[in-house]
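Undergrad: Sharing a sequence plus its predicted fold:
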Amino acid sequence: MAVSAMISAAMGIARVVPEVAGWLGGDDAEATAEKVVETAKSVTGTDSAEAARQSLETHPEQLARVREALLAYRARVLAEETERLKSVNATMRKEVAADDAYVRRWRPTFGYVVALAWLAQMAGLVYSMVAAPGRAAALVEAVTAMTPLWGIALGVLGINVAKRSRDKEVAAGKEPAASVPAMLGRTLGAK
């Protein structure tokens, strides 16, 4: 996947404002990159990201203003994310506290359903290969057609398992291990 021109421009500014580099990943990378570039151009009074970067390298007062504006922006983004996570956590707490067993157990139920579906599909494929070996091409097409569905189902299952494991760690009083993206963000942001 090619890096967009806006992200490339923001990475140029990140050479002068290194904390920005850690912000340019994930689903909101493009919007963040646009904010970084627009802020740098606005503060420096230039019309391109490259000119803004050069101006920031030679004018420490502009660099300080850009940093201040970008840190305020990042604080707003993190506050919005915190509010979203509070909402998700409240929903999950309601699920766990619910008296309805199905509401509390939908994750394991989904896991069992996925496992049974996989078992049924594999048994059907093995049977089909033994019963009609000449139709292998049709079997390959059928499996290929189901691959995106399995990707989605297994992705949801993986998130459910990871989240449940984290919930158990927290319930046991352990500090959950940091995720790889979180560690990378801290590492890139610290430079």
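TA: Sure thing, it's come through. Numbering: from 1, shown residues only.

Undergrad: so which strand or helix has Val130?
TA: Assigned by DSSP states H and E, Val130 falls within helix 106-131.

Undergrad: tell me the mean pLDDT over that helix?
TA: Per-region confidence: helix 106-131 scores 88 on mean pLDDT.

Undergrad: And the next helix or strand past it?
TA: Downstream of helix 106-131 (by DSSP H and E), the next one is helix 136-171.

Undergrad: For the helix holding Val130, buried residues please.
TA: Residues of helix 106-131 classed as buried: 107, 114 (neighbour count, 16 or more other CB atoms under 10 Å). Placement of C-beta: from N, CA and C, glycine included.

Undergrad: Show me what that helix packs onto, helices and strands only.
TA: For helix 106-131, the packing partners by 3 or more CB pairs under 8 Å, 6 or more residues apart in numbering; DSSP states H and E come out as helix 136-171.

Undergrad: ok now the helix it packs on, how far from the chain's centre?
TA: 17 Å (CA atoms, centre = their mean, to the nearest Å).

Undergrad: again with stretch 62-76
TA: The answer for stretch 62-76 is 24 Å, by CA atoms, centre = their mean.

Undergrad: mind listing what's buried in that stretch?
TA: By neighbour count on 16+ other CB under 10 Å, the buried set for stretch 62-76 is 62-63, 65-67, 69-70, 74.

Undergrad: Output that stretch in PDB, but only the C-alpha positions, please.
TA: Output in PDB follows, covering the C-alpha atoms of stretch 62-76 (Å, rounded to 0.1, in the frame of the first residue of the first chain):
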ATOM      1  CA  GLN A  62       7.600  28.900  15.100                       C
ATOM      2  CA  LEU A  63       8.700  25.400  16.000                       C
ATOM      3  CA  ALA A  64       7.500  26.000  19.600                       C
ATOM      4  CA  ARG A  65       4.100  27.300  18.400                       C
ATOM      5  CA  VAL A  66       3.700  24.300  16.000                       C
ATOM      6  CA  ARG A  67       4.500  21.900  18.800                       C
ATOM      7  CA  GLU A  68       2.000  23.600  21.100                       C
ATOM      8  CA  ALA A  69      -0.800  23.600  18.500                       C
ATOM      9  CA  LEU A  70      -0.100  19.900  17.600                       C
ATOM     10  CA  LEU A  71       0.000  18.800  21.200                       C
ATOM     11  CA  ALA A  72      -3.300  20.500  21.900                       C
ATOM     12  CA  TYR A  73      -4.700  18.800  18.800                       C
ATOM     13  CA  ARG A  74      -3.400  15.400  20.000                       C
ATOM     14  CA  ALA A  75      -4.900  16.000  23.500                       C
ATOM     15  CA  ARG A  76      -8.300  16.600  21.900                       C
END
